[in-house]
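**Student:** Predicted coordinates and the sequence they were generated for:
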Amino acid sequence: MVRTIGVAGTAKNTGKTTTISTLLRHISRRSNIKVGLTSIGYDGEEIDNITGLVKPRLFLKAGNVVATASKLINVGSAELEIIKETQIFTPLGNVIIARVKKEGLVVVAGPNKSGELKKVVDVMIEKTGCDVVFVDGALNRIAPMAVAEGLIIATGAARNPDITELVRETRHLCDILDLNEAEESYRKLLQNVNTIAVVDKRGQISNYRYSALIHNDMVPELMKIITEDARAVYIPAAVSQPALEKLVDIIDDGLKDMIILLHDPIKLLVSASPGKIAGTIDKIKALKGRIEVLKKVPVLAVTVNPFYPRYMFDKNTYEPAYIDENLLKEEMQRALPLPVVNILKDGPDEIIKILRL
Amino acid sequence: MTSQKKKVLLAPLDPVHDIGLKMIKRGLDLAGHDTILLPPDYTPEEIVKAAIDNNVDVILISRTLGYRVAEILGSFIDLAEAAGLRERVKIGIGGMAIKPELAAELGFDAGFGPGTTVEEAVAFVEGRRYVKEDKGARKTKKDLTEKHDYAFKNKKIEKLLNAIADEIIEYAKGKTTPGIERAKIREKMFEASDEAELRQLRKEYAAFCDDLVKVYYEKGALKEKTRQLTSEELNALKSYLEKTKSKMKPSLLQHTETNPVVFIQYGTGCPFMDIAHIKTCEAWGADGVVHFDPSWGARTEGFYEGFITHEEDGSVITYENLKLIKDALMPSTLWQVRAHRGLNTPETVFLAGKVGADLTKINIAYGSLGGGTDPERLAVDAVAAIKYAARFKLPFDVVTNEELCGVPAHKAFAGMLIVAMLGLKLGARPILQPLFCYSPEVMISGQMEDNYVDFNAAKILALKSIVNAPIWCGAPIGFLTQTEDRVQSSLSTALHAALASSLEVDGISIASADEAYSGGPISAAARVDTLRATQSAFRFFGHTKILPTEKAEVWARKIVEGIEQTLESVVQNGSFVDSLYKGLLGSREEGAYPGRAGRGTVKNI
């Protein structure tokens, strides 16, 4: 059973909280699973902080566990009993891990960095006995989700109301998240390497001072340590698509004997659209190179949301709008080898089955 | 510098705006930290690379929020995280639309919105807990009368007032009314030692009441549309108050020490709703609140008991209702219970004093010429009421609302000064409450054709030339200058507030932005409108004076002359009460009609 499930969105209002809220409702009705809940953003509030539109609420039954900022402990209708006060700071106070004493609504803003998220999730599972922990995403942010054992991707019209483009982009996104895991020898060799490293055919490592490759200017200096003997280039932190593209262009034919290794696929997703990144991956493959990751973040399902907040320029406000929900689901399902769910229409059964809850 | 030196990268993730960052940079430099300010319009990648290259401890980003910007900021944070910066570098975001909730959603370590001080940003950099100066928490209860010794500068007027006030005191001697008797019985009720005595006192009390109230004491029946609050409602109020009080962080309206204290008026009919309005206004900076009772209550002999809600305007006066409200107030909030115009004046002042109000309101001239109560009755009642005010040390204002009926300011002021002198003689502390309004007098005579400043200023100049007494402009200021347009209404209130402040008065009462035209209950949001507008006006003008034209002085002199003539006519007439009937302090032609409620109820003891 996957125990840490991140729900990441491609944009605001793509249905992250709706997905979690529906799953929570279902689980609280039908099973005795102890659920943990946290968020890398701010969720459960009545009105959206940015669009001013009504938001889905988060309901927890008694016995469940929540990790949220201290200022939000008394904001919802649920009565919470503090289990642990962490030293993890957020703009809304330290993160508190609390047991739901009396069921009700909660407002959640938990740890927003992957290291801190991991610590909190570990406490929720190991110390408070949660069977499963849901991590609600925020906006289009995905970086802290590298901690999750499985991801549900929430996308929809709020990301792009053009179905064809949205489907293409989601396909690219899932492909990137599904990059192959590197072979065991590389994983062992590189597990404690924190800077960009070049591995030669003898297994020797040369280091570059940066851990991330996020600017074109970094590439020429990196090239100085990429010799003919190089077999792998490992980038442990973020990789920007233009810098990667430049690297690929310079190495060119040399790629056919080389692997570009990343720590996890999310490190590639933070600086460009999935379409552009997919283009660079295609280029690597065309040059007979490989791009692989040390740690996969498996995508469990994709939820689609036909809703989007339409910006009214004349009033400087947003209003609710919708695209064709059937067409959206059909096209998405045709393009992906994963379960595609319109959570509001289809309900949570399919996802519950995948999660084996 | 008290903390370790930090290296701070300041980056406007914005095409142009970096003023806030420049201010923070200066503060950080002064505090001894190393700062690097990037030019505007760097990409997130460039900012992150600069942070890595310079090995910084903190990044401060500024950004004006707009369409899709949240996603851009989210991406920046993701990039910083994926680049491995988040574990060792703190990242803060500042901008006009930033709130802590939004900063949390965007994934930043701190959010700095409007009103952020440089000190707050420096504290974040240094990892210190920043305790924001809470001006509201320093609020203390003001005494409107403390700066005034009631010394008369106009000796002629002082002499005339002395004569009239002495005559009133003499007139009231040996007289009583049902209102006075009820107040005495009410006082005994508080001292009653057992239920039997209380029952007997209630019986005696009911004998002095109108039928509408009598049936309550006989059968427990209340006036239609009036009912007791249920225990569920009272419990809900308790829990509402607990929650609200724990969250209160009141604003301060005043910018300078000369800005007047600001009162709002409430009287929704429901004590619970009143309290919600009061808490809203306290939170937005109101210094005082004024209790409005229903108009039928002023014309009905006797009070009910219990926690009573009333489905129409005006909140019913009972000890229990007043206690509910008193217990809800912040310690610094001034609370006035009005007693100025009706048949329950002595008992109202007694209850106000007993429950712990700070102020009350009594005016024989207005109450009997514009408020509907018989002049003789109110004169006798007012003497008793003022004695209660003196006993409970309750300053009382003397409002000149008869101006709204059409009585010229000088006559209304003469009536006000008479009651003020009566108050002084009886040991109380009166407050003069002239109106800041577009009155029928000026509509007809044209004193406000050019501006609203001169005639209002003339009133204050006139009063200040007569006596050193506290002045509280009412009620609400700008009355009849406000329209249904909430912006116009708020602005008009704010400008009148600024004028009152410029004239260095002690207090003002303000309306909500929808008060005159609400066509029903006043909305809390509209209260915030005028409180914020008044706050902005105080901030804008500071110690700056508004300069009236020379007409203000001319009209001030005319008002003083008119007051003198009016007082002389009252002295010549020999009886203050008779002068009210005769129209010397406001005639029927001017719109003043001696009231009839309670006529014939004054008895010689």
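**Tutor:** Looks like it came in fine.

**Student:** Not counting its neighbours along the chain, what's nearest residue A:292?
**Tutor:** The shortest distance from residue A:292 to any non-neighbouring residue, by Cβ to Cβ, 6 or more residues apart in numbering or on different chains, is to residue A:182 (4.3 Å). For every residue, glycine as well, the C-beta is placed using N, CA and C.

**Student:** I should have written residue B:204 there, sorry.
**Tutor:** Going by Cβ to Cβ, 6+ apart, residue B:204 has residue B:185 as its nearest residue, at 5.4 Å.

**Student:** so which helix or strand takes in that neighbour?
**Tutor:** Counting by DSSP states H and E, the element that carries residue B:185 is helix B:178-191.

**Student:** Can you name the residues in contact with that helix?
**Tutor:** B:198, B:201-202, B:204-205, B:208-209, B:301-303, B:343-347, B:349-351, B:354, B:377, B:380-381, B:384, B:388, B:598, B:601 (Cβ atoms under 8 Å, 6 or more residues apart in numbering or on different chains).

**Student:** Then stretch B:207-221?
**Tutor:** So stretch B:207-221 is contacted by B:178-179, B:181-182, B:185, B:202-203, B:205-206, B:222-223, B:300-305 (Cβ under 8 Å, 6+ apart).

**Student:** which residues of the chain score low on pLDDT?
**Tutor:** Went with chain A since none was named. Low-confidence segments of chain A, defined by pLDDT under 70: A:49-51.

**Student:** looking at chain B here, not the other one
**Tutor:** For chain B (pLDDT under 70), the answer is B:1-3, B:15-17, B:65-68, B:133-137, B:517-521.

**Student:** which residues in the stretch 401-550 of chain B form helices?
**Tutor:** B:402-405, B:409-425, B:440-445, B:453-466, B:486-502, B:524-541 (DSSP state H, counting those that start in this stretch).

**Student:** what's the closest of the ones you listed to chain A?
**Tutor:** For chain A, the closest of those is helix B:524-541, at 15.1 Å, according to Cβ to the nearest Cβ.

**Student:** between the closest one and helix B:486-502, how big is the angle?
**Tutor:** Here helix B:524-541 points in a direction 40 degrees away from that of helix B:486-502 (axes from the mean of the first three to the mean of the last three Cα atoms, to 10 degrees).

**Student:** So which elements touch helix B:524-541?
**Tutor:** Under the contact definition 3 or more Cβ pairs under 8 Å, 6 or more residues apart in numbering or on different chains; DSSP states H and E, helix B:524-541 sits against strand B:261-266, helix B:271-283, helix B:486-502, strand B:507-510.

**Student:** winner for burial among those?
**Tutor:** Ranked by mean neighbour count, the helices and strands packed on helix B:524-541 are led by strand B:507-510 with a mean of 28 (mean count of other Cβ atoms under 10 Å in any protein chain shown).

**Student:** for that strand, the distance to its chain's centre please.
**Tutor:** Relative to the centre of its chain, strand B:507-510 is centred 6 Å away, using Cα atoms, centre = their mean, to the nearest Å.

**Student:** So which elements touch that strand?
**Tutor:** strand B:261-266, strand B:472-479, helix B:486-502, helix B:524-541.

**Student:** Show me what the second one is in contact with.
**Tutor:** For strand B:472-479, contacts defined as Cβ under 8 Å, 6+ apart pick out B:144, B:260, B:263, B:265, B:290, B:397, B:399, B:401, B:404, B:431-438, B:452, B:456, B:460, B:492-493, B:495-497, B:500, B:505-511, B:515-516.

**Student:** near chain A, which residues of chain B?
**Tutor:** B:44-46, B:48-49, B:52, B:65, B:67, B:70-71, B:74-75, B:77-79, B:81-84, B:86-87, B:99-111 (Cβ under 8 Å from any Cβ of the partner chain).

**Student:** Just the buried ones from these?
**Tutor:** Buried by 16 or more other Cβ atoms under 10 Å in any protein chain shown: B:44-45, B:48-49, B:52, B:65, B:70-71, B:74-75, B:77-79, B:81-84, B:86, B:99-111, out of those.

**Student:** Who's the closest spatial neighbour of residue 73, skipping the chain neighbours?
**Tutor:** Picking chain A for this. residue A:80 is the one closest to residue A:73 (Cβ to Cβ, 6+ apart), at 5.5 Å.

**Student:** not quite, I wanted chain B
**Tutor:** residue B:106 (4.8 Å).

**Student:** Stretch A:332-339: end-to-end distance?
**Tutor:** 10 Å (Cα to Cα, to the nearest Å).
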